[in-house]
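# Dropping a prediction and its sequence here:
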Amino acid sequence: MTRLALFHQLTYSRWNCESLSTVANRAIHQSGIEKQHSYSNPLIRTFLDVVDLVEEEGQRLASIGKELAYHNRSHVADTINALGFLLSKTRVLNDEDRLLALITMAGHDLYHQGKPNEQLRITQEETTSRLLDENCLYLLSSNQRRRVVSWVLGTKPDVVQANHLAYRNSNKNRHLLTQIMINESDIAASLNSALSFDLTKSLLIERGKLNPLVEEVSQLHNAFTKSCYISSDAALSSF
């Protein structure tokens, strides 16, 4: 039932074209945040401000025909939906952990360039974490900012496996648990059979393959599903 509930939420949100604001506010409540949902809470305010910035940037790019095919507002909504759901099934994290994770998830692909890191002088995650910290995290403490930056850097594809291995060796560590839940939420929609083909196709288009063949999409998706990592208890029961 957990798996069906997550996949239903992802497909419902996609097919109903839910706004990022709608997704974000549901995630706050779904995550089990105990504190009053108030814009005066700096963590909630930061989360909603990042969501607004992602929405504004997406609208700007869409207006000039340059919003990315995969790393766009729909992807951010998918990841927030997934993380809110996984957090709702996880008891050991406190409110601060949950809200910092949501902030990370909302901003983890901010100003994405649509290229793999191999084609960039500085990795996308380094660029995003710097811009996110400089422009959005001013209400947070220095420790909170470091945690968000660390989790954004932890979304680099070449460190995801190490994140899961670290958690397996220290599965009481809340920081590591949150990192892998962020990683798991980043790929959740691509593990949903109703969405996976179109998402994989969009990723190929984003990388310059304008009309990918069915065989190319299937090959990339098969490679992805064989190499993806799932470790958190909530995700193990959801995928």
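Yes, it's here. From a predicted model like this one, the values you see are computed outputs, not experimental measurements.
# Report the mean confidence score over the longest helix anywhere in the chain.
Ranked by residue count under DSSP state H, the longest helix found in the chain is helix 42-63. If you average the pLDDT over helix 42-63, you get 97.
# isn't Q161 right up against Y229?
Yes. In this structure, Q161 is within contact of Y229 by CB atoms under 8 Å, at 5.9 Å. Quick note: C-beta positions are derived from backbone N, CA and C, even for glycine.
# what about the two, which has more around it?
Y229 (17 against 13; other CB atoms under 10 Å).
# Point out where the chain drops to low pLDDT.
35-37 (pLDDT under 70).
# Do you have the helices of it handy? List them.
2-15, 20-30, 42-63, 73-88, 95-107, 124-136, 142-153, 160-169, 174-187, 196-206, 214-227, 233-236.
# So for E118, which of these sits nearest?
E118 lies closest, by CB to CB, to one member of the helices of the chain: helix 124-136, at 10.7 Å.
# and the angle from the closest one to helix 95-107?
110 degrees (axes from the mean of the first three to the mean of the last three CA atoms, to 10 degrees).
# contact partners of helix 124-136?
Here helix 124-136 makes contact (CB atoms under 8 Å, 6 or more residues apart in numbering) with 46, 49-50, 53, 103, 107-113, 115, 117, 120, 145, 148-149, 152-153, 155-156.
# now it and helix 42-63, what's the angle there?
110 degrees.
# Next, the buried residues of stretch 65-82.
67-82 (16 or more other CB atoms under 10 Å).
# ok, the residue nearest to L48 when sequence neighbours are not counted to N173 distance?
In space, and not counting its chain neighbours, L48 is closest to A24: 6.2 Å by CB to CB, 6 or more residues apart in numbering. As defined by CB to CB, to the nearest Å, A24 lies at a distance of 27 Å from N173.
# follow-up on the earlier one: M105 is in contact with the residue nearest to L48, correct?
No. Checked against CB under 8 Å, the pair A24 and M105 is beyond contact range at 9.6 Å.
# which of these two has more neighbours?
Set A24 next to M105 and count neighbours by other CB under 10 Å: M105 wins out with 30 against 26.
# Please tell me I have it right and that one contacts N183.
No. In terms of CB under 8 Å, M105 does not count as a neighbour of N183; the distance is 10.4 Å.
# Give the buried residues for the longest helix of the chain.
Going by neighbour count (16+ other CB under 10 Å), the buried part of helix 42-63 is 42-44, 46-51, 53-55, 57-58.
# mind listing what the residue nearest to L48 touches?
47-48, 51, 80, 102, 106.
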